[in-house]
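>>> Here is my input, please return the structure:
(2 chains)
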2 protein chains.
Amino acid sequence: MKTRKHDLIVVGGGAGGTATALRAAQLGGKVALIEKNHLGGFCMNRGCIPFSHMAIASDYLHKISTLAREMGIEAGSPKLNLSVLNRRQDELIKGMREGIRGLLTKSSVNLISGDAQFVEPHTVIVAGQEFTAENIVIAIGSKWASPRFEGRFRDRVFDGDYVLSLRKVSETLLIYSDNPFSLQAAQFLARNGATVYLVTTKRRLLYWESKTISSRITKILREQGIHVLTGTSVASCANKRNGLEVTVVSNGKEKAIVVDKLIYMKKVADFEELGLDRIGLQADDYLKVNERMETSVRGVYAVGDVAAPEQLHYSHLASAGGLVAAQNCMGRTSYLDHRSLPRILYTTPQIACIGLSPKDAKARGYKILTGMAPLNMNPFGMIMFQVYGLIELIADKDYGEILGINMIGDEVCEMAGEAVLAIQLEATVDDLASALFPHPTLSESLSEAARDCLGATLYIPQSG
Amino acid sequence: MKTRKHDLIVVGGGAGGTATALRAAQLGGKVALIEKNHLGGFCMNRGCIPFSHMAIASDYLHKISTLAREMGIEAGSPKLNLSVLNRRQDELIKGMREGIRGLLTKSSVNLISGDAQFVEPHTVIVAGQEFTAENIVIAIGSKWASPRFEGRFRDRVFDGDYVLSLRKVSETLLIYSDNPFSLQAAQFLARNGATVYLVTTKRRLLYWESKTISSRITKILREQGIHVLTGTSVASCANKRNGLEVTVVSNGKEKAIVVDKLIYMKKVADFEELGLDRIGLQADDYLKVNERMETSVRGVYAVGDVAAPEQLHYSHLASAGGLVAAQNCMGRTSYLDHRSLPRILYTTPQIACIGLSPKDAKARGYKILTGMAPLNMNPFGMIMFQVYGLIELIADKDYGEILGINMIGDEVCEMAGEAVLAIQLEATVDDLASALFPHPTLSESLSEAARDCLGATLYIPQSG
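Next comes the predicted model:
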């Protein structure tokens, strides 16, 4: 067997793997990228891209019936034609996949199709062919976990893919998930006619985020008619004549809910066939890496979903990790700084959380200042009907440094960039309080939240 | 005549005057605010608030027929009911005015209704009553200029207010303006059925901005059916049987255009009755101030439109200036830093320019790097159909400091906040290139534009 040598082998062609390969090639490396399925990975093919596409359509549907109607736009009773939506989604994904292929090819990355298995830390085997490199980056991503309930539930239990290929929604659906995508899915299904139960085992939705954000989005989902059940687990499922009988348990009490289908949305790392044991790597849910993206095995790196817990399966974390890994593999010194990592959701309204929640900041020993600016008191927020919109700001009491920014409202996914820069560039509350944000925008409320931290709001009452 | 004494007198209750009064009161000052008309000033009553409200409605109307339809949303042939829109606009403005009145009252600002005239630098007279203070802040704002054409044109020539109280649009309209609002007005009128000529005396639309932005928006307006005539002035108007005959001159050549109405949109400072000559202040178009917002007369400050050229009539500049003036008047030392001033427009797509254009940067002696990232190559841009979207970045070649960020695309008015912070916090291209912007968002293209500056794009071809 002839062994092919590269400077770097990347296993997985999603956001993390692609970024790694492109950056390493840019730095002059001879790179191989191994992908067993479609380029683009989970995010592009089944995750953030189709889910945000769906959510944007869902948001327009909502806006046409609410804000646009209030503004005088007469558009009848708008309906979403799911086959048109799904066709556009598939075309977008196809185009993006081809784009990634073109980029990798143009960068002379050696594209290899198939399953990779470790032989030893510097060697993998794909379809009988050995590949060797000084460094190997594991970027195999994640997949929907298979449901493991007791009982019979054939043709009644699905994973998140179900949401992306709907033809018709007039059912009762139970989404069982602690994953952030489940909120977007619940809104999309409800807005298109489904009766939706959203069931999470945790005490609250988005349990790792600020309580302010969790409680606002839960209230919004409930007002939109979604049955949110927290602290609840599914004990068993049984096919019955009238549907799927789901037995849920909450506070030790059992209850039966009859639905048409159950959607189980849990993402797990996809490393089953990689043979990690052969190189002495152990992983429970995900691979542990240092800030250089190195695993405990010299020369083996990991980036993206495979190296992060489920609530941090963000492709921007994957690609940022990929750049860091590539740079380190190519002889530079590079670190990933998580402090400014944004967690965003295209719900209606959108959610964007950056940095620490008040609780996390306190847990790390900070004395904190908090500031709030409700978007319904912001002039542009009034135009945009931001009833529940809010910006929450957390700062270090001693130095005024911004530690966290949590936002709920329209367009906060783009505003997230402001929060990312504020934290990355170590802005203080004084910096934000005096920033020249344009009028009329929601961003202005960042200044007001900063002034609230300082006890000196100008246009809204002081909080707390 | 009894004279009433205050620490600070603010003349004008718009964005600049309100910010000045609220901040000075917050710092313990005894403040009088004099307003001859409605609180909220031009921006709230006739400017950015109603114009952006109108533009947002216009944008929804556009999106329902384009992006939403492509996504499968079936909403018939949407129409905008102008009386509903105008009623919502009036209610919003009324609510905001009441909000401002409440804030000022709660802050114990002495609200005085009437025309203020200077007696001497520390004294003004309002309806026969004298008011005196150590410092006076002029914040009288701007108004639409009256047209001064030759010829007869009764009932055929209007100012920008015309756009905000439309009942029906099925006319041929000529907008004569160098003002940025004219672009929003043109789109709104065209989208609601008017045939629109947009006539500017300057070589290009938004002549003070980057050429990249000017040329893109001009192309977009033309594709939307708007007749853009640059380098063209109106020589005369004449009422004819079939309408208003407007004689325009371009490159020395005259041409007649027959329209139903001409809308003349030029803003001028509103200081006619203030009696500036009595305190030795001279003003051509606007009052010159230093970075502490002081005029050449000790104790007399000026903020907002009255202290800025027409293309910088932004209420966030007014309120920022107001805060600076208030702080200086109350014994602190405060400066206004213009570098990060955003210029935004709610056109479709939106425009946001922050810092220097390439030409201005060169004129100031910088050696520059420029970077471009087209939004139609950004994944979220593909979802959002950002055909003409673009981010242009200008950086100092020696130190990598970001000097300017120019953007055209959906939601760039909120993204403007990122650019404001980048410039305010003196971010470098390396900072932006490695920023953890969330995926999928348009903001990611800021990183790509930064990488383009560095000659190292990852996901798009290198520009230039």
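>>> How about the contacts made by the spatially most central residue of chain A?
Nearest to the geometric centre of chain A sits A:Tyr314, at 4.3 Å (Cα atoms, centre = their mean). Applying Cβ atoms under 8 Å, 6 or more residues apart in numbering or on different chains to A:Tyr314 gives the contacts A:Cys48, A:Ala308, A:Leu341, A:Pro342, A:Arg343, A:Ile344, B:Pro438, B:His439. Where C-beta positions appear, they are placed from N, C-alpha and C, glycine not excepted.
>>> Make a markdown table out of the residues you listed and add pLDDT and secondary structure.
Shown next, in a markdown table, are the contacts of A:Tyr314 (pLDDT from 0 to 100; DSSP: H, G, I helix; E, B strand; the rest coil):
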| residue | pLDDT | secondary structure |
| --- | --- | --- |
| A:Cys48 | 95 | helix |
| A:Ala308 | 95 | coil |
| A:Leu341 | 97 | coil |
| A:Pro342 | 98 | strand |
| A:Arg343 | 98 | strand |
| A:Ile344 | 98 | strand |
| B:Pro438 | 98 | coil |
| B:His439 | 98 | coil |
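>>> Of those - the most surrounded one?
A:Pro342 (28 neighbours; other Cβ atoms under 10 Å in any protein chain shown).
>>> any idea how far A:His38 is from it?
Distance, A:Pro342 to A:His38, by Cβ to Cβ, to the nearest Å: 26 Å.
>>> re the thing from before, please render the contacts of A:Tyr314 as CSV that adds distance to A:Ser319 to the earlier fields.
Formatted as CSV, the contacts of A:Tyr314 follow (distance: Cβ to Cβ, whole Å):
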residue, distance to A:Ser319
A:Cys48, 12
A:Ala308, 13
A:Leu341, 12
A:Pro342, 13
A:Arg343, 15
A:Ile344, 15
B:Pro438, 11
B:His439, 7
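>>> Closest one to A:Gly193 out of these, please.
A:Cys48 (24.6 Å; Cβ to Cβ).
>>> can you map out the strands along the stretch 101-250 of chain A?
With DSSP state E, counting those that start in this stretch as the criterion, the stretch 101-250 of chain A has strands at A:110-113, A:116-120, A:123-126, A:129-138, A:142-144, A:157-158, A:172-177, A:195-199, A:227-229, A:232-240, A:243-250.
>>> Output the ones you listed in TSV, with mean neighbour count and mean pLDDT appended to each entry.
Compiled in TSV, these are given as follows (neighbours: other Cβ atoms under 10 Å in any protein chain shown; pLDDT from 0 to 100):
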stretch	mean neighbour count	mean pLDDT
strand A:110-113	17	98
strand A:116-120	18	96
strand A:123-126	20	97
strand A:129-138	22	97
strand A:142-144	22	95
strand A:157-158	20	92
strand A:172-177	24	97
strand A:195-199	23	98
strand A:227-229	18	98
strand A:232-240	17	93
strand A:243-250	19	96
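>>> want to try JSON lines for those strands, with distance to A:Gln350 as columns?
Shown next, in JSON lines, are the strands of the stretch 101-250 of chain A (distance: least, Cβ to Cβ, whole Å):
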{"stretch": "strand A:110-113", "distance to A:Gln350": "35"}
{"stretch": "strand A:116-120", "distance to A:Gln350": "37"}
{"stretch": "strand A:123-126", "distance to A:Gln350": "40"}
{"stretch": "strand A:129-138", "distance to A:Gln350": "32"}
{"stretch": "strand A:142-144", "distance to A:Gln350": "23"}
{"stretch": "strand A:157-158", "distance to A:Gln350": "26"}
{"stretch": "strand A:172-177", "distance to A:Gln350": "19"}
{"stretch": "strand A:195-199", "distance to A:Gln350": "18"}
{"stretch": "strand A:227-229", "distance to A:Gln350": "18"}
{"stretch": "strand A:232-240", "distance to A:Gln350": "26"}
{"stretch": "strand A:243-250", "distance to A:Gln350": "29"}
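>>> could those strands go into a markdown table alongside distance to chain B?
A markdown table is the format used below for those (distance: least, Cβ to the nearest Cβ, whole Å):
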| stretch | distance to chain B |
| --- | --- |
| strand A:110-113 | 17 |
| strand A:116-120 | 23 |
| strand A:123-126 | 25 |
| strand A:129-138 | 16 |
| strand A:142-144 | 15 |
| strand A:157-158 | 22 |
| strand A:172-177 | 20 |
| strand A:195-199 | 20 |
| strand A:227-229 | 25 |
| strand A:232-240 | 30 |
| strand A:243-250 | 28 |
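>>> if I read this right, A:Asp178 contacts A:Leu198, doesn't it?
No - taking Cβ atoms under 8 Å as the definition, A:Asp178 is not a contact partner of A:Leu198, at 10.6 Å.
>>> related to what we said a few turns ago, out of the strands of the stretch 101-250 of chain A, which gets nearest to B:Arg292?
Judged by Cβ to Cβ, the one of those that comes nearest to B:Arg292 is strand A:227-229, at 53.5 Å.
>>> Pop the domain breakdown of chain A in here.
Listed domain ranges for chain A are A:3-144+A:269-336, A:157-265, A:340-453 (source: automatic domain parsing).
>>> which parts of stretch A:145-161 are buried?
Residues A:Ala145, A:Pro147, A:Phe149, A:Phe153, A:Arg156, A:Val157, A:Phe158, A:Asp159, A:Gly160 are the ones in stretch A:145-161 that count as buried (16 or more other Cβ atoms under 10 Å in any protein chain shown).
>>> What of stretch A:290-304?
A:Arg292, A:Met293, A:Glu294, A:Thr295, A:Val297, A:Val300, A:Tyr301, A:Ala302, A:Val303, A:Gly304.
>>> Closest residue of the stretch 101-250 of chain A to chain B?
Nearest to chain B in the stretch 101-250 of chain A, going by Cβ to the nearest Cβ, is A:Leu103, at a distance of 6.5 Å.
>>> which ones are touching A:Leu104?
A:Leu104 is in contact with A:Gly13, A:Thr18, A:Ala21, A:Leu22, A:Leu33, A:Leu39, A:Leu111, counting by Cβ under 8 Å, 6+ apart.
>>> how near is it to B:Thr247?
From A:Leu104 to B:Thr247 the distance is 60 Å (Cβ to Cβ).
>>> how about the residues of the stretch 1-150 of chain A that lie near chain B?
Applying Cβ under 8 Å from any Cβ of the partner chain, we find that the stretch 1-150 of chain A lies next to chain B at A:15, A:19, A:22-23, A:26, A:43-44, A:48-49, A:52-53, A:56-57, A:60-61, A:63-64, A:67-68, A:70-76, A:78-85, A:88, A:92, A:95-96, A:99, A:103.
>>> Any quick ChimeraX command for the buried ones out of the residues you listed?
Buried members of the residues of the stretch 1-150 of chain A next to chain B, defined by 16+ other Cβ under 10 Å, are picked up in ChimeraX with:
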select /A:15,19,22,23,26,43,44,48,49,52,53,56,57,60,61,63,64,67,68,71,72,73,75,78,80,82,84,85,88,92,96,99,103
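>>> Keep only those of the residues of the stretch 1-150 of chain A next to chain B that are in helices.
Taking DSSP state H, the ones among the residues of the stretch 1-150 of chain A next to chain B that sit in helices are A:15, A:19, A:22-23, A:26, A:43-44, A:48-49, A:52-53, A:56-57, A:60-61, A:63-64, A:67-68, A:70, A:82-85, A:88, A:92, A:95-96, A:99, A:103.
>>> picking up where we left off before, closest one to chain B out of the buried residues of stretch A:290-304, please.
A:Gly304 (11.6 Å).
>>> check contacts around that closest one.
A:Gly304 is in contact with A:12, A:14-17, A:41, A:139, A:141, A:315, A:317-318, A:321-322, counting by Cβ under 8 Å, 6+ apart.
>>> Would you point out the most distant pair within those?
Taking Cβ to Cβ, the two most distant members of these are A:Gly12 and A:Leu317; they sit 14.4 Å apart.
>>> neighbour count winner among those two?
Between A:Gly12 and A:Leu317, counting by other Cβ under 10 Å, A:Gly12 is the more crowded of the two (34 against 25).
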